[in-house]
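>>> I need the structure of the sequence given here:
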Amino acid sequence: MISRLFGRPPEEPAGGDANLPSAALLIAAYNEEAVIEKRICNALAMDYPREKFQIVIGSDGSSDNTALLVGRCIDSRVRLLDYRQRRGKASVLNSAMAMIDAQIVLLSDANTEVDPAAARRLVRWFADPSVGVVCGRLILIDGQTGQNGDGLYWKYETFLKRCEGNVGALLGSNGAIYAIRRELYQPIPWGTIVDDFVIPLLARLRTNCRIVYDYEAVAREETAEDVRAEFHRRARIGAGGFQSIVLLWRLLNPKHGWIAFSFFSHKMLRWLCPFFLLGSLVASLLLWHRPLYRLLLITQAGFYAASLVVTVAPPRLRIPRLLRFASMFSSMNAALLAGFWRWAMGRQGSMWRRTSRGADSCPIQAGAADNSSDIRCETIVG
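Model prediction:
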């Protein structure tokens, strides 16, 4: 309603495709030998002037053949930063950014497939000097069927991003597809977990730049293969959310307008939702002697019981969508609670864990080691 009443879609700058600036695609990778060649093939297919585009892969202490496979690529646009000792994604991003001289840096993941037109779509917004960060749209794909795996929750998230973008209150980006002016990048603290949330908002805090959402700049990623991996991912994001409050609490100041409202309503209240749910459960128990609260307690217990049944049910069992929604809601809030505990106890490490993905089917061009004069490969120890 706020978006309808007070917002409007951002207008694309005129002539955004003319005189495109230099751009670099930065990918931090850890043990991604199964997908890294396919990812480089996808990056090389970007519809962007060859002489203005480079691809930088930062290998974060990979113990597999990730660095070797990147180093074999004979395309001069590909640059490998081989960090031999694992340091965490935040440290890799900070170090790699310092070694990039492009005007615009696109950030993405090793398991992401980006549409060829996405680079131009993201970069053209920077013809407007007020724009500091541009976020693209991520589509989730089921790795088993190849079909669009967007659930109700992700569709809701995408809808919120469009609404927030219309009122100039976009919060963070999709780590799979966003771009930032190189000059606006501020090194993030070591151990930062949700870098794609913190990086854009730190730029906004420091310079008051605009963060734009481009619905037509599309990337695709496979969903997690099992419930356990998805729970771990959500718990990690939850820990990162509580961690980011320390860095971004100033955004709650009303002087920031709609972005303060968006940060409070979209993020803060969601992160606190598990505590509201626990409070509601405890209050219903304490007021058990009153018929209304007895009914509420039975309803809550039934909701959580149904969620548990869906979680442990065999994958092939056909379950009504409403029950699946109950399971998703409960597991998400349980993961947030686990994330809070990890953050509060200092048990959430900064090192990310890769998830199982499909096999690579697009080998990059390779050359013998003595014919690799076009490769820019830098090995960094420590």
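
>>> need the contact list for residue 219.
Shown in contact with residue 219 (C-beta atoms under 8 Å, 6 or more residues apart in numbering): 108, 112-115, 118, 136-139, 174, 176-177. C-beta: built from backbone N, CA, C; applies to glycine.

>>> For residue 24, which non-adjacent residue is closest in space?
Excluding the flanking residues, the one nearest residue 24 by C-beta to C-beta, 6 or more residues apart in numbering is residue 102, at 3.8 Å.

>>> re earlier: out of the contacts of residue 219, which one has the lowest pLDDT?
pLDDT across the contacts of residue 219 is lowest for residue 174, at 88.

>>> Report the contact partners of that one.
Residues in contact with residue 174, defined by C-beta under 8 Å, 6+ apart, are 135-138, 196, 219.

>>> which element is it on?
Residue 174 belongs to no helix or strand when elements are defined using DSSP states H and E.

>>> Likewise for residue 48?
Residue-wise, residue 48 maps onto no helix or strand under DSSP H and E.

>>> Out of the contacts of residue 219, which sit inside helices?
residue 118 (DSSP state H).

>>> Of the contacts of residue 219 - the most surrounded one?
residue 177 (30 neighbours; other C-beta atoms under 10 Å).

>>> hang on, it packs against residue 137?
Yes. Between residue 177 and residue 137 there is a contact under C-beta atoms under 8 Å: 7.4 Å.

>>> Please identify every residue contacting each of those two.
217-219.

>>> mind putting the residues you listed in JSON lines, secondary structure included?
Shown next, in JSON lines, are the shared contacts of residue 177 and residue 137 (DSSP: H, G, I helix; E, B strand; the rest coil):
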{"residue": "217", "secondary structure": "strand"}
{"residue": "218", "secondary structure": "strand"}
{"residue": "219", "secondary structure": "strand"}
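
>>> Distance to residue 77 and pLDDT for these - can I get that in a markdown table?
Listed next are the shared contacts of residue 177 and residue 137 as a markdown table, based on distance: C-beta to C-beta, whole Å; pLDDT from 0 to 100:
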| residue | distance to residue 77 | pLDDT |
| --- | --- | --- |
| 217 | 20 | 95 |
| 218 | 22 | 95 |
| 219 | 19 | 96 |
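
>>> Which member of those is positioned nearest residue 81?
Lowest distance from residue 81 to the shared contacts of residue 177 and residue 137 (C-beta to C-beta) belongs to residue 219, with 22.1 Å.

>>> Give the closest residue to that closest one in space, chain neighbours not counted.
Nearest to residue 219 is residue 177, by C-beta to C-beta, 6+ apart, at 3.8 Å.

>>> What's the separation between the one you found and residue 213?
As judged by C-beta to C-beta, to the nearest Å, residue 177 and residue 213 stand 11 Å apart.

>>> Can you work out which residues contact both of these two?
Contact criterion C-beta under 8 Å, 6+ apart; residues bridging residue 177 and residue 213 by contacting each: 135, 137.

>>> how many neighbours does residue 298 have?
There are 12 residues near residue 298, going by other C-beta under 10 Å.

>>> Please identify the helix or strand for it.
helix 291-312.

>>> Could I get the buried residue list for that helix?
293, 296-297, 303-304, 306-307, 310 (16 or more other C-beta atoms under 10 Å).

>>> which among these gets closest to residue 45?
For the buried residues of helix 291-312, the nearest to residue 45 is residue 310 (40.0 Å; C-beta to C-beta).

>>> show me the residues around the closest one that make contact.
319, 323-324, 326-327.

>>> Is the residue nearest to it when sequence neighbours are not counted in a helix, a strand, or coil?
Excluding the flanking residues, the one nearest residue 310 by C-beta to C-beta, 6+ apart is residue 327, at 3.8 Å. Taking three-state DSSP as the rule, one finds residue 327 in the helix state.

>>> if I read this right, residue 327 contacts residue 307, doesn't it?
Yes. With contacts counted by C-beta under 8 Å, residue 327 reaches residue 307, the gap being 4.5 Å.

>>> ok, back up a step: in a markdown table: the buried residues of helix 291-312, plus pLDDT.
Shown next, in a markdown table, are the buried residues of helix 291-312 (pLDDT from 0 to 100):
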| residue | pLDDT |
| --- | --- |
| 293 | 95 |
| 296 | 96 |
| 297 | 96 |
| 303 | 94 |
| 304 | 94 |
| 306 | 92 |
| 307 | 91 |
| 310 | 87 |
